[in-house]
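Colleague: let's see this in three dimensions:
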Amino acid sequence: MMFDVFWLHVMLLGMIVLVAYGMHMRTLRLRAGFNLYRIRDKLVLLVATDQLPEDSHLFKHYYGAVNGLLAAAPKVGFDDVLHTLFNKFDPENFQHAVSQAKKRAARLASDPLLNDPEVRQTVVEYYGAIRLMMFAHSSILRVAYLLSYRFIGGVCQDAIRRIAPPKIQRGLDAVNYAQVEERTFANA
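Modeller: Have a look, this model is predicted:
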């Protein structure tokens with residue numbers, strides 16, 4: 001009789017953990033979406049207060065990027081956006097797209113408008129919001145990132161990348177890109 005009660009408690013605990021994890025993920029996804037709205041609103045406020053010209057490359061790029069993600073979200077959901085992002089390109093084209101994004105970010109990093117601390121902070125927050133969005137929509141990507149970049153560091157990073165599926169490899173590249181750009185703009 002005690003054996004049955006034990007397993008009943010184990011099953012109950014397991015169900016509670018699964019429900020709590022589902023609620024946590026839903027909250028994380030909502031937070032990721034609202035962060036994008038916050039970034040967009042900050043960009044508009046910077047334009048309204050004449051800290052950022054509306055016709056500047058900086059505003060057009062980041063405002064367009066945030067609006068593109070937000071416009072697609074109600075129709076297909078962020079999961080589908082990430083699925084399209086990671087599966088649309090074959091690995092070579094994806095790497096080319098990432099290198100083009102790095103070049104574009106390097107050009108934007110030299111923009112004198114980034115001398116304004118609020119403008120720079122908004123750009124930094126943009127890259128943080130993109131990273132959070134990717135983590136919020138892929139538990140596997142989050143675990144792979146934690147293992148390869150945080151806990152193990154450079155020791156097993158290459159091994160994890162080799163055994164990870166291509167989608168996760170591209171996800172790690174995208175997260176790494178966002179993290180590098182976040183640091184670059186924070187230190188600009």
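Colleague: gap between residue 27 and residue 100?
Modeller: 34 Å (CB to CB, to the nearest Å). For the C-beta atoms, the positions are set from N, CA and C on the backbone; glycine is no exception.
Colleague: one more: residue 57?
Modeller: Taking CB to CB, one finds residue 57 at 15 Å from residue 100.
Colleague: so between the two, which is more surrounded?
Modeller: residue 57 (13 against 10; other CB atoms under 10 Å).
Colleague: what sits against that one?
Modeller: Neighbour list for residue 57: 107-108, 111 [criterion: CB atoms under 8 Å, 6 or more residues apart in numbering].
Colleague: if we use 10 Å, what do you get?
Modeller: Taking CB atoms under 10 Å, 6 or more residues apart in numbering as the criterion, residue 57 is in contact with 104, 107-108, 111, 113.
Colleague: tell me who's in contact with residue 181.
Modeller: 101-102, 104-106, 108-109, 123-124, 126-128, 130-131.
Colleague: what about 8 Å?
Modeller: 102, 105, 127 are the contacts of residue 181 under CB under 8 Å, 6+ apart.
Colleague: can you turn the buried part of those residues into a PyMOL selection?
Modeller: Selection of the buried residues among the contacts of residue 181 in PyMOL, burial being defined by 16 or more other CB atoms under 10 Å:
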select buried, resi 105+127
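Colleague: distance check, the spatially most central residue of the chain against residue 6.
Modeller: The geometric centre of the chain, computed from its C-alpha atoms, lies nearest to residue 131 (CA atoms, centre = their mean), at 2.1 Å. Relative to residue 6, residue 131 is positioned 42 Å away (CB to CB).
Colleague: picking up where we left off before, please list the members of the contacts of residue 181 that lie in helices.
Modeller: 102, 105, 127 (DSSP state H).
Colleague: which helix or which strand is home to the nearest residue to residue 66 once chain neighbours are set aside?
Modeller: Once flanking residues are discounted, residue 66 sits nearest to residue 40: 4.6 Å by CB to CB, 6 or more residues apart in numbering. Element membership of residue 40, judged by DSSP states H and E, is helix 2-48.
Colleague: what's that helix packed up against?
Modeller: Applying 3 or more CB pairs under 8 Å, 6 or more residues apart in numbering; DSSP states H and E, one finds that helix 2-48 contacts helix 57-88, helix 117-136.
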